[in-house]
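Asker: What shape does this take:
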Amino acid sequence: LDAQSGKLHVEKLVADTDRGRFTAHGDSQPSKDFKSDLTVTAVLPSAPGRTPPRLGLIARGDLSRMDVALAGAAPGPVRITLTLRGKEQAPDWRLHAKADALDIGLLTSPQAKPSDTPMALRFDAQGSGGVAALEGEFRQGDLAVTVLPSKLSLKEQVLDVQPLALRLFDGTATLRGHADFTAADNGQFKFSINARGLSWGGKAPPTTLKSVAKPSQAAQTPATPAVTLETADLGFAGTVKQWAAIGTAKLVRDKQAATVEFDGRGNDQRMTLQSLKAKMPTGLLDASGEVAWAPKLAWDLKAALSGFDPGYFAPQFKGAIDGKLASTGSTRDDGGLEIQASAEQLGGRLRGRALRGRGRFVMHGAAPGARRGPFPRRGAGRGPESAPRSADGGGLPATRPVQARVHQSGAAGAPPHGRWPGRLPWVV
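Answerer: Residues are numbered from 1 along each chain as shown. Below is the predicted model:
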């Protein structure tokens with residue numbers, strides 16, 4: 001191994017470590033337009049009975065003509081290629097990536113369990129300098145995302161997106177816009193996001209032997225209708241120190257529609273949520289408040305519910321809820337988080353059952369890195385030996401009282417319901 005200023009030479013280097021076997025051979029000269037002739041390989045450890053992940057990297061050429069390839073198996077075939085051709089200031093380039101069954105756990109820990117849903121992806125991008133045309137697809141389990149033909153440009157701190165288009169959840173989402181950050185402390189931008197036809201959550205009634213043999217006698221379990229985001233349009237424009245975000249959306253479930261309106265204004269430290277309204281046939285939600293991220297995280301949010309149906313957002317929780325919600329919080333000087341939340345005058349129906357109640361939650365979070373202090377169970381001694389333990393054997397983090405009173409009622413045979421006053425058993 002010979003490392004000098006602007007130059008690296010590796011002669012048949014082999015390293016056997018607890019993280020795998022690595023080899024390297026060749027030269028790299030960053031001082032000469034990154035002229036390279038380098039080969040690197042890695043064979044990572046794996047659990048008994050599993051094929052070890054293998055990767056190999058080859059780099060040949062310089063910035064005027066460079067070929068880079070990464071290939072191997074993890075556990076399915078993985079291949080990434082990058083080519084550069086032409087001028088130093090704006091070379092023509094092409095990137096191609098493909099993986100048939102990529103399990104990230106294999107690359108991070110030999111003891112990781114095999115993924116039931118390895119990733120499959122294909123991505124292609126090409127362009128000149130900071131101008132790029134791209135497309136691709138990603139799949140993992142039930143999730144499938146396609147990058148439709150899109151165009152991006154980044155030149156001298158100016159970003160143009162015309163457009164970036166995705167197909168997901170049986171619909172499309174498109175981002176268009178422009179951002180100019182030549183004034184580093186107060187960049188200007190104007191973006192729009194438009195979504196059409198996204199759908200999620202639907203669930204068919206279960207199939208049983210009785211429903212197949214004697215459909216007329218089988219208990220009828222209703223299907224959970226899917227929710228479709230028929231339209232959504234969000235605009236985000238202004239400068240870093242003064243911007244606005246305004247949007248509308250229409251959701252459809254079981255042929256009934258709900259609308260959402262959003263209006264937020266902010267700067268480089270905070271956002272004022274002037275209005276968040278969700279209207280539906282059963283009622284509405286009306287929220288407002290403030291969220292800050294500098295000089296420290298803090299928020300103060302309130303919402304009034306009048307017949308609000310959460311089923312438009314979480315299909316299994318259809319209902320019509322009344323009540324008032326509030327939450328405040330902030331980060332202390334020591335980094336710990338203070339949270340307060342309350343729910344008052346809860347009423348209405350949820351998942352086909354009557355609902356009423358109220359609740360209050362207060363948390364005094366430990367400072368990052370601080371040792372979690374033990375505290376006693378109610379009625380026990382104050383020493384460490386009486387401290388409650390978490391599932392992993394550690395002391396539970398300090399909290400303050402959590403109080404709730406909830407009552408739900410429904411027909412016989414419905415899921416369990418009841419009334420639970422009091423405090424969590426580990427609260428002082």
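
Asker: center of this protein - which residue?
Answerer: In the chain, the C-alpha nearest the mean C-alpha coordinate belongs to Leu143, at 13.2 Å (CA atoms, centre = their mean).

Asker: Distance check, that residue against Val161.
Answerer: Counting by CB to CB, to the nearest Å, the separation of Leu143 from Val161 is 23 Å. (C-beta placed from N, C-alpha, C; glycine too.)

Asker: what do you get for Leu355?
Answerer: The gap separating Leu355 from Val161 is 44 Å, by CB to CB.

Asker: go on, Asn267?
Answerer: Computed as CB to CB, the Asn267 to Val161 distance reads 23 Å.

Asker: Mind checking which of those two has more residues around it?
Answerer: The residue with the greater number of neighbours, taking Asn267 and Val161 and applying other CB atoms under 10 Å, is Val161; the counts read 19 against 16.

Asker: Please verify my assumption that the more buried one contacts Phe189.
Answerer: No - contact between Val161 and Phe189 fails when scored by CB atoms under 8 Å: they sit 10.3 Å apart.

Asker: overlap in contacts of the two?
Answerer: Counting by CB atoms under 8 Å, 6 or more residues apart in numbering, the contacts common to Val161 and Phe189 are 177-178.

Asker: need the contact list for the residue nearest to Ala292 when sequence neighbours are not counted.
Answerer: Nearest-residue entry for Ala292: Arg270, 3.9 Å, with adjacent residues in sequence omitted and distances by CB to CB, 6 or more residues apart in numbering. By CB under 8 Å, 6+ apart, the residues touching Arg270 are 290-294.

Asker: could you redo the last one with a cut-off of 7 Å?
Answerer: Applying CB atoms under 7 Å, 6 or more residues apart in numbering to Arg270 gives the contacts 290-292.

Asker: What of Leu251?
Answerer: Residues touching Leu251, when contacts are defined by CB under 7 Å, 6+ apart, comprise 227-230, 257-258, 312.

Asker: Can you turn the buried part of those residues into a ChimeraX selection?
Answerer: When burial is assessed using 16 or more other CB atoms under 10 Å, the buried subset of these is captured in ChimeraX by this command:
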select :227,228,229,230,258,312
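
Asker: Just to be sure, which of the contacts of Leu251 are found in strands?
Answerer: When strands are assigned by DSSP state E, the members of the contacts of Leu251 inside them are 227-230, 257-258.

Asker: so which of these comes closest to Thr41?
Answerer: Of all these, the one sitting nearest Thr41 is Leu229; the distance, using CB to CB, is 46.5 Å.

Asker: Not counting sequence-adjacent ones, nearest residue to the closest one?
Answerer: Leaving aside its sequence neighbours, Leu229 sits nearest to Leu198 (CB to CB, 6+ apart; 4.1 Å).

Asker: Now whichever strand or helix holds the one you found - C-alpha only, PDB.
Answerer: Assessed by DSSP states H and E, Leu198 sits inside strand 188-200. Presented in PDB, the C-alpha positions along strand 188-200 are these (Å, rounded to 0.1, in the frame of the first residue of the first chain):
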ATOM      1  CA  GLN A 188     -36.500  31.400  -3.600                       C
ATOM      2  CA  PHE A 189     -38.700  28.500  -4.700                       C
ATOM      3  CA  LYS A 190     -42.000  27.600  -6.200                       C
ATOM      4  CA  PHE A 191     -43.200  24.000  -6.300                       C
ATOM      5  CA  SER A 192     -46.500  22.100  -6.900                       C
ATOM      6  CA  ILE A 193     -47.500  18.600  -6.100                       C
ATOM      7  CA  ASN A 194     -50.400  17.000  -7.900                       C
ATOM      8  CA  ALA A 195     -51.800  13.500  -7.100                       C
ATOM      9  CA  ARG A 196     -54.500  11.700  -8.900                       C
ATOM     10  CA  GLY A 197     -56.200   8.300  -8.200                       C
ATOM     11  CA  LEU A 198     -54.100   7.000  -5.200                       C
ATOM     12  CA  SER A 199     -56.000   4.200  -3.500                       C
ATOM     13  CA  TRP A 200     -55.300   2.300  -0.200                       C
END
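
Asker: And what about Pro45, helix, strand or coil?
Answerer: Remark: Pro45 carries the secondary structure label coil [criterion: DSSP: H, G, I helix; E, B strand; the rest coil].

Asker: I'd say it and Gln111 touch.
Answerer: No - with contacts defined as CB atoms under 7 Å, Pro45 does not count as touching Gln111, sitting 9.1 Å away.

Asker: sorry, back to before: quick one: buried ones out of the contacts of Arg270?
Answerer: Listed as buried from the contacts of Arg270 are 290-292; burial here means 16+ other CB under 10 Å.

Asker: Mind putting these into CSV with distance to Leu106?
Answerer: Rendered in CSV, the data for the buried ones among the contacts of Arg270 read as follows (distance: CB to CB, whole Å):
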residue, distance to Leu106
Glu290, 45
Val291, 39
Ala292, 41
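
Asker: need the strands for the stretch 101-250 of the chain, in chain order.
Answerer: Applying DSSP state E, counting those that start in this stretch to the stretch 101-250 of the chain gives strands spanning 119-128, 131-140, 143-155, 158-168, 171-180, 188-200, 227-239, 242-253.

Asker: These into CSV, with extra columns for mean pLDDT?
Answerer: CSV is the format used below for those (pLDDT from 0 to 100):
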stretch, mean pLDDT
strand 119-128, 96
strand 131-140, 97
strand 143-155, 96
strand 158-168, 96
strand 171-180, 97
strand 188-200, 96
strand 227-239, 97
strand 242-253, 97
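
Asker: In the protein, where is pLDDT below threshold?
Answerer: Along the chain, the model assigns pLDDT under 70 to residues 88, 204-223, 370-428.

Asker: now the contacts of Arg270 as JSON lines including distance to Met66 and secondary structure?
Answerer: Putting the contacts of Arg270 into JSON lines (distance: CB to CB, whole Å; DSSP: H, G, I helix; E, B strand; the rest coil) gives the following:
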{"residue": "Glu290", "distance to Met66": "50", "secondary structure": "strand"}
{"residue": "Val291", "distance to Met66": "45", "secondary structure": "strand"}
{"residue": "Ala292", "distance to Met66": "46", "secondary structure": "strand"}
